[in-house]
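Visitor: return atomic coordinates for the entry below.
(2 chains)
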There are 2 protein chains.
Amino acid sequence: MADPRPSHDIVIAGAGLAGALLATSLGRAGHRVRLFERRMDPRRADAESGRSINLAISVRGLHALASVGLEEAVLADAVRMPGRMVHQHGAETFTPYSRDPDRAINSVSRSGLNRMLVESAAATPGVELVFEARCVDAEFDEHARPAAIFEFPDGRRERVDGDLVVGADGAFSAVREAMRRTARFDFSQSWLAAGYKELAIPPADDASGPHGRFRLDPNALHIWPHGGSMMIALPNADGSFTGTLFWPFEGEHSFGTLDGASDAEIMAFFERHYPDAVPHMPDLLADWHANPTSALVTMRSRPWHRGRAVLLGDAAHAIVPFYGQGANASFEDCEALADAIASHPTDLDAAIAAYEDERIDNANAIADLALDQFIDMRDRAGDRRHRLAKRGSQLLGAIVPSLWTPLYDMVSFSRIPYATAVAKAERQARVLRTIATIALPAAIIAALLTFILTWS
Amino acid sequence: MADPRPSHDIVIAGAGLAGALLATSLGRAGHRVRLFERRMDPRRADAESGRSINLAISVRGLHALASVGLEEAVLADAVRMPGRMVHQHGAETFTPYSRDPDRAINSVSRSGLNRMLVESAAATPGVELVFEARCVDAEFDEHARPAAIFEFPDGRRERVDGDLVVGADGAFSAVREAMRRTARFDFSQSWLAAGYKELAIPPADDASGPHGRFRLDPNALHIWPHGGSMMIALPNADGSFTGTLFWPFEGEHSFGTLDGASDAEIMAFFERHYPDAVPHMPDLLADWHANPTSALVTMRSRPWHRGRAVLLGDAAHAIVPFYGQGANASFEDCEALADAIASHPTDLDAAIAAYEDERIDNANAIADLALDQFIDMRDRAGDRRHRLAKRGSQLLGAIVPSLWTPLYDMVSFSRIPYATAVAKAERQARVLRTIATIALPAAIIAALLTFILTWS
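Guide: Reported below is the predicted structural model:
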């Protein structure tokens, strides 16, 4: 029996994480999906493997992956990170992300996950993939079908129209740029004063250490906090870690500090600031010279559509990586858009409106949290009182779970919308302050009364 | 005798107000200047006269115009506006902009001023003008001379390099767009929920009224406040006024309200909300249908340069028109850039750095003030207490001028940097609050003491 819901003709620009997942979802829902990707087919033997970036996939991302049956496969290649390991003064201190030891974020390889999602899209009936097709423009005249313009390596351009065009073409999205040039489209791009550079921590030469083939505890996100600068390392399933420096471009302990430095000076700098990490980075100097220093941007857009062209993922909201929520938030976009189309099967405009209502404020909330988390990791992670406060918050959540949920738990281990989580955390903090304000005088009065009654 | 200062080869994209003034200043300082403009030469008989927009030129703009000898000529065609005339409930209420009756802002025609500035640039030795040359891109590789790419009506493109490229090509600047695509260039565009539409108030049919050939008092900026919406009118030297509706796009009293309305409904709406203005707008319906409804944007950039390409005026900072400071701020940019080049005659990089230091924070400050002024005009102008508070602030400035200067005076009638004016106004308000907090209990205590001493 035919599905009673109408099938839409959907054009998706970008087969990154979000575009590929959305294509699978929409294809499974019975729509015709054409998915275009700038890069080469990642399934080809000669495809570039991409950067070695890790993602931290948590509940939100897993929920979306489960909706297309990929949760198990992704977790099979992931490494569990139930907490942070802070490296300071030669010591390691572990702080769990949650009081519940079963809760962990999962270190996943971006390129591996992308390949899995592209394979899934390709295996979905109704989904057609076209590679090496770079989106260069979009059209969204309200009186015509929306279209995306793609350019091929030979310079040929093709205009592809559909019932709906989805711009999932990343932070530098051509679909968004076409919208940004129209009146009443709000947009901002704000760059961090810090950049990043990757350094590899390969598997151990032999597996006789305390962590086997891993040089560090694999079940943690490692942080070397240094005030304004830090290094982090995330485990990979093959026993390696991906280390990343997040340093300011200029000033103390910055990329500028080592600009033009000799190899001996570079090594001396690392020996001084990251002494326990240096033995695990045999390729430090080679990586330092070979890997680029890249910048980090937060981008916000409002609205996320023009006519029947709509934005999704980084194209709509690029965020900094510090909360490990970039991919999770983009996967939530995919679920929200697929759900909105399912809820308004015959009215794409209503679906787009519902999708925007659901997502824009939440994307802005996680953008703010991600910026704040950088300060948390680099400046506060090494602070003993801060770690105690985190433990205190987790304890409170265990004692009065109905009244208190730590923000980190809400963001990483629940599907509470980001903006709701932020509002709830602020409300909790206000209540706690009020209680403290009342409790302190009350305790003093009680002590005084006790003293008077005892001695009178 | 030759000028000992080196002459730079300067390429300016855009002969609008800022570009034309800058070209004159730099030409007079002995530099070679090539000034390119998208539009036709405004001196040609067949040139489009452009929109009828008025500008409010005040002290900052006049100072910059005086530096190239144009102050007198501009003021000769201007109409003085020493205050606002608020139209409400059938009555007119005048509020001066300053306690000093000699202080006024000046209503000037944008197209007339632009033409005067272009003529001035063309008459300056060393300045070469090229019209119908649209800037489409810019290059600012640090190892080469900066360049701007221009496109001519026949499609031909020309790359023009120089020692310095100035992007004075307006809010949708191609020079800025080239910079915006680079890493670590911060940018935002934020559109107002309100748009604008112009309506003409022609000169009176006969000059027998109280204001002669003017239908309204010419020496005022007229405001019809209506909460979220308003109309304003600025006088022109020919006896006409330029009326402008600033209404939200949607909601009550919005452009949406009259979307698809009949002529009778449109007239009824104006008769109801602007009864004293309707008799002065004989072409109301024709203007309503012919004139576009345009949107209003605030744009911010940081930095204002890449290599030796630099932004100026709306290209760097588009602001909303409500404080009448857009052109004034752009003229200040011109003075600051010309001064910085004069102060660093052999080091353009240092000149660019000094110019940015001088201008970016001030441009952000006037952008904020202009947004707030919209609320002041449409929501608060009709409020009696608000007018009293303005008078009180002016009175305070007259009594203790060393301690108190009203913000409007600092912005419109001084050359105090915008950010400094805002900081000073905030400091003044803080001091006043503190005094009020101390004075009120002190007055109560004094009254009590008097009572006790009198009756005891």
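
Visitor: for my notes, confirm residue A:84 occurs in a strand.
Guide: Yes - with DSSP: H, G, I helix; E, B strand; the rest coil as the criterion, residue A:84 is assigned to a strand.

Visitor: pretty sure it is touching residue A:223, no?
Guide: Yes - proximity of residue A:84 to residue A:223 meets the contact threshold set by CB atoms under 8 Å, at 5.6 Å. C-beta coordinates here come from the backbone N, C-alpha and C atoms, glycine included.

Visitor: identify the contacts common to those two.
Guide: The overlap between the contact sets of residue A:84 and residue A:223 (CB atoms under 8 Å, 6 or more residues apart in numbering or on different chains) consists of A:377, A:381.

Visitor: quick check: residue A:427 vs residue A:122, distance?
Guide: In this structure, residue A:427 and residue A:122 are separated by 46 Å, where distance is defined by CB to CB, to the nearest Å.

Visitor: please identify which of the two sits among more neighbours.
Guide: The residue with the greater number of neighbours, taking residue A:427 and residue A:122 and applying other CB atoms under 10 Å in any protein chain shown, is residue A:122; the counts read 18 against 10.

Visitor: ok, the closest residue to the more buried one other than its chain neighbours to chain B distance?
Guide: Nearest residue to residue A:122, sequence neighbours excluded (CB to CB, 6 or more residues apart in numbering or on different chains): residue A:129, at 5.5 Å. Computed with CB to the nearest CB, to the nearest Å, the distance linking residue A:129 and chain B is 28 Å.

Visitor: and what of residue A:323?
Guide: Here residue A:323 is placed at a distance of 21 Å from chain B (CB to the nearest CB).

Visitor: cool, and residue A:44?
Guide: Separation of residue A:44 from chain B (CB to the nearest CB) stands at 30 Å.

Visitor: count of neighbours near that residue?
Guide: 9.

Visitor: can you name the residues that contact it?
Guide: If a contact means CB under 8 Å, 6+ apart, then residue A:44 has no contacts.

Visitor: same question for residue A:18.
Guide: Contacts were defined as CB under 8 Å, 6+ apart; by that measure residue A:18 touches A:168, A:312, A:313, A:314, A:330, A:331, A:333, A:334.

Visitor: got the phi/psi numbers for residue A:96?
Guide: Summarising the backbone geometry of residue A:96 under the convention degrees, to the nearest 10, its torsions are phi -70, psi 150.

Visitor: tell me the bridge partners for it.
Guide: Per DSSP bridges, residues listed as beta-bridge partners of residue A:96: residue A:83.

Visitor: is it in contact with residue A:82, as I believe?
Guide: Yes - Residue A:96 lies in contact with residue A:82 (CB under 8 Å); the separation is 5.6 Å.

Visitor: does the closest residue to residue A:337 other than its chain neighbours belong to a helix or a strand, and which?
Guide: Setting aside the residues directly before and after it, residue A:337 is nearest to residue A:355 in space (CB to CB, 6+ apart), at 4.9 Å. With elements taken from DSSP states H and E, the one containing residue A:355 is helix A:348-375.

Visitor: equivalent analysis for residue A:269, please.
Guide: Short version: residue A:269 belongs to helix A:263-273, going by DSSP H and E.

Visitor: same check, this time on residue A:245
Guide: strand A:241-248.

Visitor: that strand and chain B in contact?
Guide: No - with CB under 8 Å from any CB of the partner chain as the threshold, strand A:241-248 lies outside contact range of chain B, at a closest distance of 11.7 Å.

Visitor: kindly export that strand (C-alpha atoms) in CSV.
Guide: What follows is strand A:241-248 as a C-alpha-only set of coordinates in CSV (Å, rounded to 0.1, in the frame of the first residue of the first chain):
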residue,chain,number,x,y,z
PHE,A,241,44.9,10.3,20.8
THR,A,242,44.3,13.4,18.8
GLY,A,243,45.9,16.3,20.7
THR,A,244,44.8,19.9,20.0
LEU,A,245,46.4,23.1,21.1
PHE,A,246,44.0,25.9,21.7
TRP,A,247,46.2,28.9,22.1
PRO,A,248,45.7,32.6,21.5
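
Visitor: counting contacts, what elements does it pack onto?
Guide: Helices and strands touching strand A:241-248, by 3 or more CB pairs under 8 Å, 6 or more residues apart in numbering or on different chains; DSSP states H and E, are strand A:186-201, strand A:229-235.

Visitor: closest one to residue A:421 among the ones you listed?
Guide: strand A:186-201 (22.2 Å; CB to CB).

Visitor: quick check: phi and psi at residue A:106.
Guide: Geometry field for residue A:106 lists phi and psi as phi -120, psi 120, criterion degrees, to the nearest 10.

Visitor: do residue A:277 as well
Guide: phi -90, psi -30.

Visitor: does it touch residue A:224 like I think?
Guide: Yes - because the distance of 6.3 Å satisfies CB under 8 Å, residue A:277 is recorded as touching residue A:224.

Visitor: and for these two, which residues touch both?
Guide: Going by CB under 8 Å, 6+ apart, residues that sit against residue A:277 and also against residue A:224 are A:87, A:231.

Visitor: near chain B at all, stretch A:301-308?
Guide: No - if you take CB under 8 Å from any CB as the test, stretch A:301-308 misses chain B, and the best it gets is 9.1 Å.

Visitor: where do the helices of chain A begin and end?
Guide: In chain A, the helices defined using DSSP state H lie at A:17-28, A:59-66, A:71-76, A:110-122, A:174-180, A:263-273, A:284-290, A:326-343, A:348-375, A:384-399, A:407-412, A:418-455.

Visitor: most tightly packed of the helices and strands packed on strand A:241-248?
Guide: Mean neighbour counts were taken over the helices and strands packed on strand A:241-248 using mean count of other CB atoms under 10 Å in any protein chain shown, and the top value, a mean of 25, falls to strand A:229-235.

Visitor: what's the neighbour count on the residue nearest to residue A:126 when sequence neighbours are not counted?
Guide: Among residues not flanking residue A:126 along the chain, residue A:27 sits closest, at 4.5 Å (CB to CB, 6+ apart). When neighbours are counted by other CB under 10 Å, residue A:27 registers 23.

Visitor: any idea how far residue A:27 lies from chain B?
Guide: 34 Å.

Visitor: check contacts around residue A:54.
Guide: Contact analysis of residue A:54 by CB under 8 Å, 6+ apart lists A:107, A:108, A:109, A:110, A:234, A:236, A:242.

Visitor: so what's it closest to, chain neighbours aside?
Guide: If you skip the residues right next to it in sequence, residue A:54 has residue A:234 as its closest partner in space, 4.1 Å away by CB to CB, 6+ apart.

Visitor: mind listing the residues bridging to that neighbour?
Guide: On the basis of DSSP bridges, residue A:234 takes part in beta bridges with residue A:242.
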